[in-house]
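Novice: Show me how the following folds:
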Amino acid sequence: MKLYEAPKLTARIFRLSVETVAKLKANANAEYSTCNNSNNKKTFISSYQSVSAVLWRSITRVCRLPPDKMTFSFLTINNRSRLEPPLSQDYFRNSVHTILVIAMAGELSEKAVGWVAWQLHQAVANYSDKQVRQWLHKWLQSPYTWKADHTISISSVLVNDSTKFNISGNEFGILGKPIAFNFGDRTHMINGYVYAYSDPDPTAAGDILVEVSLLPHTMRDLQADQEFMQFIS
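Specialist: Model (predicted):
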């Protein structure tokens, strides 16, 4: 089996303050209501979906893809609560999957963040026990191992979220609690990979850190993109 050879990537960690995340969520829901001529003020779009929408939209924009280029957003999703009956919170092994949302590059640049976030929300909302079991049945019929592909990742953004997990609350014996978190080995990273997690610093409770891996020239353009950097603390 040929191993994946990762291209030279640049990684940066960006901070979104709790206030910025709350504002993004409120604006995304307001934009959705406006676009759909709805008077319903109920919150549908989550913080995670709002932040993911900004990242997908921003990274696609600085990649300067043709308007008719198909782009992909992959979101990791927890199966535990979606299974019927749900898995116990004490279940030791992982039970996660990846859902896919597709949009044209032109749509991402022309539509508001609320529209993009709503596409992500619908994919999450429609993911249920049925989808989990369908995927599992299909995999059992034809097992495979996921393999990173740089040609696909050029137009893809994969957001892996750990903001709901208390990863910084783990005790490591004499080492104590972690004060920081980093992905580490980048030989298996792909262009467009994003890892979101809660800041372990108790003085920054509610802040979200996003670790982004991109090709060097794309990262330079992202850091120079004022529309994206306005959200970064």
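Novice: Which residue ranges of the protein form helices?
Specialist: 18-35, 47-63, 105-110, 113-125, 129-141, 150-153, 216-223, 226-229 (DSSP state H).
Novice: what's the third one in contact with?
Specialist: Here helix 105-110 makes contact (CB atoms under 8 Å, 6 or more residues apart in numbering) with 56-57, 60-61, 63, 65-71, 115-116, 155. From N, CA and C alone the C-beta is placed, and that goes for glycine too.
Novice: what do you get for the last one?
Specialist: Residues outside helix 226-229 that contact it (CB under 8 Å, 6+ apart) are Val54, Ser58, Arg61, Val62, Leu222, Gln223.
Novice: if we go to 10 Å?
Specialist: Phe14, Val54, Leu55, Arg57, Ser58, Ile59, Arg61, Val62, Asp221, Leu222, Gln223 (CB atoms under 10 Å, 6 or more residues apart in numbering).
Novice: Select the helix or strand of the chain having the lowest average pLDDT value.
Specialist: The least trusted helix or strand in the chain, going by mean pLDDT, DSSP states H and E, turns out to be helix 150-153, with a mean of 54.
Novice: hang on, isn't Lys177 packed against Asp201?
Specialist: No - using CB atoms under 10 Å as the test, Lys177 is too far from Asp201 to be in contact (11.2 Å).
Novice: residue furthest from the geometric center of this structure?
Specialist: In the chain, the residue that sits farthest from the middle, by CA atoms, centre = their mean, is Ile174; the gap is 33.2 Å.
Novice: any idea of the pLDDT on the residue nearest to Asn79 when sequence neighbours are not counted?
Specialist: Setting aside the residues directly before and after it, Asn79 is nearest to Ser95 in space (CB to CB, 6 or more residues apart in numbering), at 4.2 Å. At Ser95, the predicted lDDT confidence score is 85.
Novice: got the contact list for Ser95?
Specialist: Counting by CB under 10 Å, 6+ apart, Ser95 makes contact with Asn78, Asn79, Arg80, Ser81, Arg82, Leu83, Leu87, Val132.
Novice: and the gap between the closest residue to the last one other than its chain neighbours and Tyr48?
Specialist: I take that to be Val132. The shortest distance from Val132 to any residue other than its chain neighbours is 5.2 Å, reached at Asn79 (CB to CB, 6+ apart). Distance, Asn79 to Tyr48, using CB to CB, to the nearest Å: 16 Å.
Novice: repeat for Thr10
Specialist: In this structure, Thr10 and Tyr48 are separated by 24 Å, where distance is defined by CB to CB.
Novice: before we move on, what about Tyr32?
Specialist: For Tyr32, the distance to Tyr48 under the criterion CB to CB works out to 15 Å.
Novice: and if you look at Ile13?
Specialist: From Ile13 to Tyr48 the distance is 17 Å (CB to CB).
Novice: Between those two, point out the one with more neighbours.
Specialist: A direct count of neighbours by other CB atoms under 10 Å for Ile13 and Tyr48 places Tyr48 higher, at 21 against 14.
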